[in-house]
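S.K.: Fold the following, please.
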Amino acid sequence: MPLRRAGSPPAAPLDAVIVGAGVVGAACAYYAARAGLSVAVVDRGPVAGGTTGAGEGNLLVSDKEAGAELDLALLSTRLWRELAEALPPRDAIEYEPKGGLVVASDGTALTALRALAAGQRAAGVTAHEVAPGELARLEPGLAPGLAGGVHYPQDAQVQPARAAAALLRAARRMGAAVRLGEEVTAVLTGPDGTVRGVRTPRGDLRAPAVVNAAGTWGGHVAALAGTRLPVMPRRGFVLVTEPLPPGFVRHKVYAADYVADVASGSADLQSSAVVEGTPAGPVLIGATRERVGFDRTLSTEALHRLAARAVALFPALERVHAIRAYCGFRPYLPDHLPAIGPDPRVPGLHHACGHEGAGIGLAPATAVLVTAALTGAEPPVPAAPFRPDRFTP
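M.R.: Got it, this is the predicted structure:
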């Protein structure tokens with residue numbers, strides 16, 4: 001059943017409760033409030049206290065094959081540009097439309113990269129092949145001898161914690177409530193199993209819809225509602241260098257094998273070179289992936305792999321100090337697509353989680369799909385591939 005639109009009298013104290021104050025939950029609050037819905041965001045921790053706070057802020061189309069996720073990413077690319085222009089200066093999200101550069105080490109990798117780019121172009125991505133002799137023009141610090149690459153001008157970056165906070169502030173200005181440090185202990189349902197709100201230690205929040213934007217803990221929130229969503233944590237480490245001069249790394253630069261790592265379902269440690277600068281000067285070096293539960297133990301093997309692969313891509317990094325490392329947990333679903341939209345097994349329950357490493361990039365488009373479902377509007381891209389019940393045996 002669609003919820004009320006702007007201008008209609010309220011049918012309940014709230015139209016929706018959003019569980020999770022990461023960037024996806026913040027975006028859901030922003031677009032729902034903008035549509036005239038009365039919403040509250042609840043999180044057991046602070047803003048961006050989970051996966052969002054450990055992210056690099058990537059807004060990528062370059063790492064996605066043609067299909068449903070790429071369609072979502074292209075929509076989000078446009079929405080992030082609009083948000084960067086619409087949010088006031090005090091809510092700056094450090095939006096950088098710097099583009100991405102994917103490089104191939106040999107002819108085999110280049111052939112695969114060309115095939116990927118061809119499919120992406122057909123889906124609406126701008127992708128320019130770069131000859132070996134032209135790579136140094138885009139990135140002077142790259143290692144010699146690379147076979148070539150593809151430049152993706154639509155790739156961009158934001159500061160993820162600032163983006164989440166800015167979206168929540170904007171949502172609050174439109175009437176949304178934000179309740180931090182308040183854990184959801186139950187999803188309330190009526191005799192017929194329909195959602196009625198959530199319970200927290202500070203009391204019940206009544207609403208006909210609950211949006212599960214709990215990231216890596218999305219499976220736990222689904223269980224509170226009496227259903228199953230197989231979200232698993234996939235750990236990743238990031239190395240941070242000392243501040244470097246502007247232009248040391250001009251784009252988001254990564255090796256072509258990163259795309260295969262993103263699509264892999266292996267639980268073992270995987271690593272590929274991903275290097276990008278920040279406005280403050282430090283360079284971020286990723287990326288690793290492994291399924292080890294919520295184990296935060298520092299992995300020296302993972303860090304050694306990151307350093308070695310980054311130096312192979314940018315030899316000058318061998319003389320640069322790494323000043324810290326951190327890890328986060330990507331919310332992984334078995335088919336690598338997020339769960340977005342209403343859950344037909346629990347009327348009134350909506351999901352917006354399971355984006356793995358793409359949650360920051362896909363947050364606005366996810367929120368627009370969720371808001372369309374809440375209001376009964378037509379979604380801007382097909383929502384069927386993201387059905388939350390697709391994992392039901």
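S.K.: all helices of this structure, in order?
M.R.: For the chain, the helices identified by DSSP state H occupy 23-34, 68-86, 107-122, 135-138, 160-173, 218-224, 257-263, 300-313, 359-375, in order along the chain.
S.K.: chain center to the third one: distance?
M.R.: Once both centres are worked out by Cα atoms, centre = their mean, to the nearest Å, helix 107-122 turns out to sit 24 Å from its chain's centre.
S.K.: The fourth one too?
M.R.: For helix 135-138, the distance between its averaged C-alpha position and the chain's averaged C-alpha position is 29 Å (Cα atoms, centre = their mean).
S.K.: who touches it?
M.R.: The contact list for helix 135-138 (Cβ atoms under 8 Å, 6 or more residues apart in numbering) reads 101, 103, 130, 142, 146, 148-149, 151, 250-251. Backbone N, C-alpha and C define where each C-beta goes, glycine included.
S.K.: helices and strands of this protein: which one bottoms out on pLDDT?
M.R.: With mean pLDDT, DSSP states H and E as the measure, the helix or strand of the chain carrying the lowest mean pLDDT is helix 257-263 (a mean of 72).
S.K.: about what we covered before: would a markdown table of the contacts of helix 135-138 with distance to residue 275 be doable?
M.R.: Below are the contacts of helix 135-138 laid out as a markdown table (distance: Cβ to Cβ, whole Å):
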| residue | distance to residue 275 |
| --- | --- |
| 101 | 10 |
| 103 | 10 |
| 130 | 16 |
| 142 | 10 |
| 146 | 13 |
| 148 | 18 |
| 149 | 13 |
| 151 | 15 |
| 250 | 11 |
| 251 | 9 |
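S.K.: Output those residues as TSV; include the columns pLDDT, distance to residue 54 and neighbour count.
M.R.: Shown next, in TSV, are those (pLDDT from 0 to 100; distance: Cβ to Cβ, whole Å; neighbours: other Cβ atoms under 10 Å):
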residue	pLDDT	distance to residue 54	neighbour count
101	98	24	26
103	97	26	26
130	98	31	19
142	97	27	20
146	97	30	21
148	97	32	22
149	97	28	29
151	98	28	22
250	95	24	16
251	96	22	21
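S.K.: Tell me which two in these are the farthest apart.
M.R.: 148 and 250 (17.5 Å; Cβ to Cβ).
S.K.: and the residue in the chain sticking out farthest from the centre, what is it in contact with?
M.R.: With distances taken from the mean C-alpha point of the chain and given as Cα atoms, centre = their mean, the most distant residue is residue 191, at 35.6 Å. The contact partners of residue 191, by Cβ under 8 Å, 6+ apart, come to none.
S.K.: hang on, residue 198 packs against residue 210?
M.R.: Yes: under the criterion of Cβ atoms under 8 Å, residue 198 makes contact with residue 210 at 5.9 Å.
S.K.: Look at those two and report which has more neighbours.
M.R.: Neighbours were tallied for residue 198 and for residue 210 using other Cβ atoms under 10 Å; the higher tally belongs to residue 210 (30 against 26).
S.K.: what's the spacing between the more buried one and residue 352?
M.R.: Using Cβ to Cβ, to the nearest Å, we find residue 210 at a distance of 11 Å from residue 352.
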